[in-house]
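>>> Here is my input, please return the structure:
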Amino acid sequence: MVVGGLDLAAYEYRCSGFAVIDEDSNSVEELVCIYRDSEIIENIDRFSIDVLAIDAPIAKVPRFREVDREAIRRGFRVMPPTFRHMKILTVRAWRLYQFLSSIGVTVIETHPRSALKNSGLSTVDEVCRKLNVSMDRYIDRLKHKDLRDALISALVALCYRKKFCIEMIEAVDGVIYVISSLQTTL
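So this is what the prediction gives:
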């Protein structure tokens with residue numbers, strides 16, 4: 001099984017970080033910038049991704065949601081989908097969500113900064129080590145925030161897929177998935 005993470009940009013001319021983890025080999029198979037929706041869809045198809053965690057609000061209408069309020073109440077600094085670029089991002093995420101769901105991809109929402117914070121660890125490579133995910137050939141790419149966030153998103157998708165080390169921030173209008181504390185697990 002293969003999972004992916006997408007740090008979706010609001011605009012197609014900006015880098016959307018994209019990460020792929022092969023669950024069988026427990027290794028990062030891809031960590032790159034992609035741009036257009038068509039590239040995102042092509043890569044999801046090329047790697048046969050069955051679970052994709054997106055760092056973007058997945059909502060039909062860009063508005064301040066109860067799930068955003070709950071995340072903020074729990075100490076996470078999420079940006080509500082009401083700011084100008086966040087509205088554009090939300091519309092793009094919803095469009096991708098609808099298409100990918102229609103072809104059988106499970107799409108979940110995440111927030112990488114919150115996922116990392118909730119894990120209790122400091123860096124994405126610490127999370128990879130704790131989950132025994134090999135990412136050695138991509139270590140130099142972690143300097144790029146979009147790629148780092150994509151990899152954290154992929155790790156969330158991996159935890160979701162394994163039904164392990166996953167926690168939900170939940171409200172009537174959505175769910176944001178984060179990594180549960182890894183300080184005492186494993």
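>>> which residues of the chain fall in strands?
Listed in chain order, the strands of the chain (DSSP state E) span 2-7, 16-22, 27-34, 51-54, 106-110, 166-171, 174-179.
>>> of all those, which lies closest to Asn118?
Proximity to Asn118 (C-beta to C-beta) singles out strand 174-179 among those, at 4.4 Å. Placement of C-beta: from N, CA and C, glycine included.
>>> what's that closest one packed up against?
When contacts are defined as 3 or more C-beta pairs under 8 Å, 6 or more residues apart in numbering; DSSP states H and E, strand 174-179 packs onto helix 66-73, strand 106-110, helix 112-119, helix 145-162, strand 166-171.
>>> Skip the chain neighbours and tell me the closest residue to the residue most central in space within the chain.
Centroid-nearest residue in the chain: Ser153, 2.8 Å away (criterion: C-alpha atoms, centre = their mean). Distance criterion C-beta to C-beta, 6 or more residues apart in numbering; nearest residue to Ser153, sequence neighbours excluded, is Gly5 at 2.9 Å.
>>> was I right about Arg63 contacting Thr82?
Yes: Arg63 lies in contact with Thr82 (C-beta atoms under 8 Å); the separation is 6.4 Å.
>>> Check the gap between the residue nearest to Ser153 and Met135 for me.
12 Å (C-beta to C-beta, to the nearest Å).
>>> bridging residues for the closest residue to Leu151 other than its chain neighbours?
Of all residues not flanking Leu151 in the chain, Ala19 sits nearest, at 4.4 Å (C-beta to C-beta, 6+ apart). According to DSSP bridges, the partner residues bridging Ala19 are Gly5, Leu31.
>>> if we can go back for a sec, output the strands of the chain in a markdown table; the columns should cover mean neighbour count and mean pLDDT.
Shown next, in a markdown table, are those (neighbours: other C-beta atoms under 10 Å; pLDDT from 0 to 100):
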| stretch | mean neighbour count | mean pLDDT |
| --- | --- | --- |
| strand 2-7 | 28 | 98 |
| strand 16-22 | 26 | 98 |
| strand 27-34 | 19 | 98 |
| strand 51-54 | 27 | 98 |
| strand 106-110 | 22 | 98 |
| strand 166-171 | 18 | 96 |
| strand 174-179 | 22 | 97 |
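>>> Save those strands as a markdown table, and put in distance to Ala93 too.
A markdown table is the format used below for those (distance: least, C-beta to C-beta, whole Å):
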| stretch | distance to Ala93 |
| --- | --- |
| strand 2-7 | 9 |
| strand 16-22 | 10 |
| strand 27-34 | 15 |
| strand 51-54 | 6 |
| strand 106-110 | 8 |
| strand 166-171 | 17 |
| strand 174-179 | 12 |
